[in-house]
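Enquirer: predicted model and sequence below, questions to follow.
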Amino acid sequence: MTEQKSAAVDTAEVKRMLDKHKAKMKMSLSLCAHCSLCAESCFLFNARNKDPKYMPSYKFINSIGKIYKKKGKVDKAMLEEISVNAWKRCVLCTRCYCPFGIDIPDMIALARSICRSQGVFPQYDE
Amino acid sequence: MHCCETGNALTMVAHMELSNLFTADFIYNLARGPLVWISILICIIGSIARTVQLLSYTRIKTIDPNIDFSSIRKKPPAAKGGGLPEPGLFAVLKGTILGVSPVTILVSLCFHICLIIIPFFLLAHNLLIDDAIGFSLFSFSERFSDFLTIIFLACAAFFLFRRIFLARMRAISTFYDYVVLFITVAPFLTGFLAYYQIFNYKIVIILHMLAGELMLVAIPFTKIFHMFFFFIGRFMIVNQHTMGKGSRTW
Ligand code: HEM
Ligand code: SF4
Ligand code: SF4
């Protein structure tokens, strides 16, 4: 696992995973009104003193949104950063509410899959 | 806006000397003639194309006939209150975004209602539309339109301040969000200034027409497309919060 972790990011693979989910991801990212109405629907946001970093839209914009913006050309450090948003700040409880029906958990889950495919995921045995 | 005026503007282009090309008169005629029709066309065709594109990304939901839903279907999903005791109306409201952020939602409602009804029922617009196509909708009194415009501008100011001063808004705001808000507000602001003849009327009315045309063109191609996505995303595509049954999946 440590071996995997130090390896470089396979950007072609990341790009392939992005492309596979492109339609829904692109629509969600480009049509999010950046209105913050989803904030209070996340119990973690409420439990963390309404820290904006726990807002559902912040988490999907700063995980899958970042990877998409870079067109998959991300490095390990970036994925490590993204994994904080995708794992530590979200439990994928699927309770977030967006007035447009943007499927935020699915976006975060996709960011997780991409991180995991590159060997970036939380390890509790370190 | 009359079709022969469109023609006039076009012949004007042909006969203009290059140095005169960007005089105020020229831009005025361009903005009140061909650009109106072009932007309306782009708005309609663009919106249809993007709606078709969005629908093509989704497909009709298929249900495996072998699965027995009878035990699941008895109760609404948890998100719609299933499993909880019958809540009162007030308790239901408290859980919605109207209950959580009442001010923002009410402001948003006013903002969007004004946004849509002002241009369609404005006397000055309807006179021009009548001129161009021979009929028009009824018009509000000028005082009422004025009143709605002030409400609209106040709501827009609320959105702007919210974006500037709330930490959670700043966390996700980009320059683009301000641009879209500006594109939305500009036609109303310039229209208001033109009506009261504040600043140079001719310049303001040119800006007003250009701003309106910019907004029309922006509808299909920016996040303003949410006006269609809202109905598709909430009523047609199944998700946790679909209203109604939903018939499509991604
Ligand atoms: C009937 C169609 C529409 C629906 C259902 C709708 C719905 C919404 C919703 C739910 C929001 C997020 C909540 C908020 O911040 O207020 C929003 C925001 C917004 N809408 Fe609409 N909308 C519609 C049409 C339009 C149109 C036609 C425009 C512009 C031409 C527009 C411009 C905006 C803007 C600029 C925002 C962001 C406000 C901000 O900066 O916070 N909307 N809309
Ligand atoms: S995800 Fe939905 S509720 Fe959250 S900021 Fe984007 S549009 Fe608003
Ligand atoms: S899925 Fe994640 S973002 Fe959505 S409510 Fe649950 S913890 Fe919050």
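Expert: Great, that's in hand. All figures in this text were calculated on a predicted structure; none of them were measured in a lab. Numbering: from 1, shown residues only, chains lettered A, B, ... in the order given. Ligands and ions are numbered 1, 2, ... in the order given.

Enquirer: CA atoms for contacts and neighbours, from now on please.
Expert: Will do.

Enquirer: need the contact list for residue 104.
Expert: With no chain named, the answer covers chain A. By Cα atoms under 8 Å, 6 or more residues apart in numbering or on different chains, the contact list for A:I104 reads A:P56, A:S57, A:F60, A:T94, A:C96.

Enquirer: let me rephrase: I mean chain B.
Expert: With Cα under 8 Å, 6+ apart, B:T104 has no contacts at all.

Enquirer: return the distance of the helix or strand containing it from the chain's centre.
Expert: Applying DSSP states H and E as the criterion places B:T104 in helix B:102-120. Remark: helix B:102-120 is offset 10 Å from the chain centroid, using Cα atoms, centre = their mean, to the nearest Å.

Enquirer: what residues sit buried inside it?
Expert: B:T104, B:V107, B:S108, B:C110, B:F111, B:C114, B:L115, B:I118, B:P119, B:F120 (16 or more other Cα atoms under 10 Å in any protein chain shown).

Enquirer: redo the residues you listed as JSON lines? Include pLDDT and distance to ligand 2.
Expert: As requested, these are arranged in JSON lines below (pLDDT from 0 to 100; distance: Cα to the nearest ligand atom, whole Å):
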{"residue": "B:T104", "pLDDT": "87", "distance to ligand 2": "12"}
{"residue": "B:V107", "pLDDT": "92", "distance to ligand 2": "15"}
{"residue": "B:S108", "pLDDT": "92", "distance to ligand 2": "12"}
{"residue": "B:C110", "pLDDT": "94", "distance to ligand 2": "18"}
{"residue": "B:F111", "pLDDT": "94", "distance to ligand 2": "16"}
{"residue": "B:C114", "pLDDT": "94", "distance to ligand 2": "21"}
{"residue": "B:L115", "pLDDT": "93", "distance to ligand 2": "19"}
{"residue": "B:I118", "pLDDT": "93", "distance to ligand 2": "25"}
{"residue": "B:P119", "pLDDT": "92", "distance to ligand 2": "25"}
{"residue": "B:F120", "pLDDT": "92", "distance to ligand 2": "27"}
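
Enquirer: any quick PyMOL command for the buried ones out of the contacts of A:I104?
Expert: Restricted to buried positions by 16+ other Cα under 10 Å, the PyMOL selection for the contacts of A:I104 reads:
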select buried, chain A and resi 56+57+60+96
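
Enquirer: of the contacts of A:I104, which ones also sit close to ligand 2?
Expert: The subset of the contacts of A:I104 within reach of ligand 2, by Cα under 6 Å from any ligand atom, is A:S57.

Enquirer: show me the contacts for whatever residue of chain B ends up closest to ligand 2.
Expert: Closest residue of chain B to ligand 2, Cα to the nearest ligand atom: B:I172 (7.8 Å). Residues near B:I172 by Cα under 8 Å, 6+ apart: A:H34, A:S57, A:Y58, A:I61.

Enquirer: for B:M169, same thing?
Expert: Applying Cα under 8 Å, 6+ apart, we find B:M169 in contact with A:H34, A:C35, A:S36, B:R162, B:R163.

Enquirer: the third one - nearest residue in space that isn't next to it in sequence?
Expert: For A:S36, ignoring the flanking residues on the chain, the nearest one in space by Cα to Cα, 6 or more residues apart in numbering or on different chains is B:M169 at 6.2 Å.

Enquirer: doesn't the one you found fall inside a helix?
Expert: Yes - assessed by DSSP: H, G, I helix; E, B strand; the rest coil, B:M169 belongs to a helix.

Enquirer: nearest to ligand 1: which residue in chain A?
Expert: Residue nearest to ligand 1 within chain A (Cα to the nearest ligand atom): A:C35, separated by 4.4 Å.

Enquirer: helix, strand or coil: sort out that residue for me.
Expert: coil.

Enquirer: returning to that earlier point: okay, the contacts of A:I104 in TSV with secondary structure next?
Expert: Below are these laid out as TSV (three-state DSSP):
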residue	secondary structure
A:P56	helix
A:S57	helix
A:F60	helix
A:T94	coil
A:C96	coil
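
Enquirer: got the contacts of A:I104 as TSV, with pLDDT and distance to B:V36 columns?
Expert: Formatted as TSV, these follow (pLDDT from 0 to 100; distance: Cα to Cα, whole Å):
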residue	pLDDT	distance to B:V36
A:P56	93	40
A:S57	94	36
A:F60	93	38
A:T94	86	45
A:C96	88	41
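
Enquirer: and A:P105, what element?
Expert: Counting by DSSP H and E, A:P105 is part of helix A:104-117.

Enquirer: before we move on, back to that, quick one: pLDDT of the residue of chain B closest to ligand 2?
Expert: On pLDDT, B:I172 comes in at 90.

Enquirer: wait, B:T149 sits on B:F188?
Expert: Yes - B:T149 lies in contact with B:F188 (Cα atoms under 8 Å); the separation is 6.9 Å.
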